[in-house]
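Student: 3D model of this:
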Amino acid sequence: MPITLPFRPRRESYPPDMWTQCPGCSEMLFNKHLDKALRVCPSCGHHFRISAPTRLAQLVDPGSFRERDAGLVSRDPLGFVDGKPYPDRITGAQTATGRKDAAMWGFARFGGRRVAICALDFTFMGGSMGSVVGEKVTRAAEGALAEGVPLVVVSASGGARMQEGTLALMQLVKTVAALGALREAGLPYISVLADPTTGGVFASFAALGDVNVAEPNALIGFAGARVSAGTIAEELPPGFQRAEFLLEHGFVDRIVPRSELRDELVGLLDVLAPPAPADGGAGSVRRG
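Tutor: Numbers count the residues shown, from 1 in each chain. Take a look at the predicted model:
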């Protein structure tokens, strides 16, 4: 009599949210295992893009993050329409992500040390920097200055938000000015460049860290490869906008895998800033 084996469905018949195909090696990854690996492929090391809340949960001391200005929302002063009105794009992104805009900032602790931290979210309109993102980065820098604590910014962005036109471009100046005040006060600023960090974000605050730390193989640059090559009328070397190339040429200080990033930041903060006040309160912290 034939033996009937238990039915085992093909992988293709599993719910689609159970598996993710790695774009680096084409391996099918079980999402629960991928999440435990911090969204890094265990086969080839590809670093998947992650949301700002996930990023913060991975980096800061558990339960220590306190968000500020969560309710800031972009307006539509230009009445911009590109296939659909800008307010509709904002609403769609808010529904998809549960966030008001593409950045989160607040205060948290790294290894017990109090810091101001801001993280951009590529899942919200490509992490593009409009008025809200620029304002949150600026407020993070101003908050660090007021509290006398270091600043950490994690960038993941396609650049300035085209739907806000000149208002988006003005954020470059505003964020750089806020970082200038932080530097004058001698407070450390660590910039983390995740994939991708491009356009106006790269051309402003993301490139100005006392230490610039990148994740492996992160796309980093101002314009696309084709535009860059056309501008200088020369063929550019392969991978010239990847973190490894920038490390070789001195633009990035360190490349750190995601699993080691938290410890790396804690170590850098120990070097760049003296111990935090015991009560976690405000105070002027200066480097020699």
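Student: I figured V60 hits G111, correct?
Tutor: No - because the distance of 9.6 Å does not satisfy CB atoms under 8 Å, V60 is recorded as not touching G111. Yep, even glycine has a C-beta here, placed from its N, CA and C like the rest.
Student: So the two - more neighbours on which side?
Tutor: A count of neighbours by other CB atoms under 10 Å puts V60 above the other of V60 and G111, at 22 against 15.
Student: show me the residues around that one that make contact.
Tutor: With contact taken as CB atoms under 8 Å, 6 or more residues apart in numbering, V60 is in contact with A108, R109, F110, I117.
Student: can you give me the strands in the protein?
Tutor: Chain-ordered strands for the chain, with DSSP state E as the definition, fall at 19-21, 28-30, 66-68, 103-110, 113-120, 151-157, 189-198, 211-214, 220-221, 254-255.
Student: Give me the contacts around the fourth one.
Tutor: The contact list for strand 103-110 (CB under 8 Å, 6+ apart) reads 52-53, 56, 59-61, 64-70, 114-121, 127, 132-133, 136-137, 139-140, 143, 147, 149, 152, 262, 265-266, 269.
Student: Can you select the buried ones from those residues in ChimeraX?
Tutor: Typed into ChimeraX, the next command selects the buried ones out of the contacts of strand 103-110 (criterion: 16 or more other CB atoms under 10 Å):
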select :52,53,56,59,60,64,65,69,114,115,116,117,118,119,120,121,127,132,133,136,137,139,140,143,147,149,152,262,265,266,269
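Student: Phi first, then psi, for E27.
Tutor: phi -70, psi 140 (degrees, to the nearest 10).
Student: what's the burial count for it?
Tutor: When neighbours are defined as other CB under 10 Å, E27 has 14 of them.
Student: what do you get for W19?
Tutor: 14.
Student: Check what pLDDT the most centrally placed residue in the chain gets.
Tutor: Against the mean C-alpha coordinate of the chain, by CA atoms, centre = their mean, the closest residue is S155 at 3.0 Å. For S155, the pLDDT comes out at 98.
Student: hang on, it packs against T198?
Tutor: No - using CB under 8 Å, S155 is not in contact with T198, being 9.2 Å away.
Student: Low-confidence regions, the stretch 151-288 of the chain specifically.
Tutor: The stretch 151-288 of the chain contains residues with pLDDT under 70 at 224-233, 274-288.
Student: what ranges do the helices span in it?
Tutor: Listed in chain order, the helices found in the stretch 151-288 of the chain under DSSP state H, counting those that start in this stretch are 165-184, 199-202, 225-232, 243-248, 258-272.
Student: Give the bridge partners for the closest residue to V192 other than its chain neighbours, please.
Tutor: Spatially, and ignoring its direct neighbours in sequence, V192 is nearest to V154 (4.3 Å; CB to CB, 6 or more residues apart in numbering). Residues found in beta-bridge contact with V154 (criterion: DSSP bridges) are A119, V192.
Student: wait, what's in contact with V154?
Tutor: The neighbourhood of V154, defined by CB under 8 Å, 6+ apart, consists of A52, R55, L59, I117, C118, A119, L120, V192, A194.
Student: Let's see that with 10 Å instead.
Tutor: Neighbouring residues of V154 by CB atoms under 10 Å, 6 or more residues apart in numbering: 50, 52, 55-56, 58-59, 103-104, 117-121, 190-194, 197, 206, 213, 215, 261, 265.
Student: Now list whatever residues contact both of S155 and T198.
Tutor: A shared contact of S155 and T198, defined by CB under 10 Å, 6+ apart, is any residue touching both; here these are G127, A206, A218, I220.
Student: if we can go back for a sec, my read is that the residue nearest to the centre of the chain contacts R49, right?
Tutor: No - contact criterion CB atoms under 10 Å: S155 and R49 do not qualify, at 12.0 Å.
Student: so what sits against both of those two?
Tutor: Common contacts of S155 and R49 (CB under 10 Å, 6+ apart): F122, G127, A194, D195, P196, A218.
Student: Now tabulate those residues in a markdown table and tack on distance to R39.
Tutor: Supplementary listing: the shared contacts of S155 and R49 in a markdown table, determined by distance: CB to CB, whole Å:
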| residue | distance to R39 |
| --- | --- |
| F122 | 12 |
| G127 | 16 |
| A194 | 11 |
| D195 | 11 |
| P196 | 15 |
| A218 | 14 |
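Student: among the residues you listed, which two are most distant?
Tutor: Taking every pair in the shared contacts of S155 and R49 and measuring CB to CB, the maximum separation is 12.7 Å, between G127 and A218.
Student: shared neighbours, the two?
Tutor: Looking at what touches both G127 and A218 (by CB under 10 Å, 6+ apart), the common residues are R49, S155, A156, A194, P196, T197, T198.
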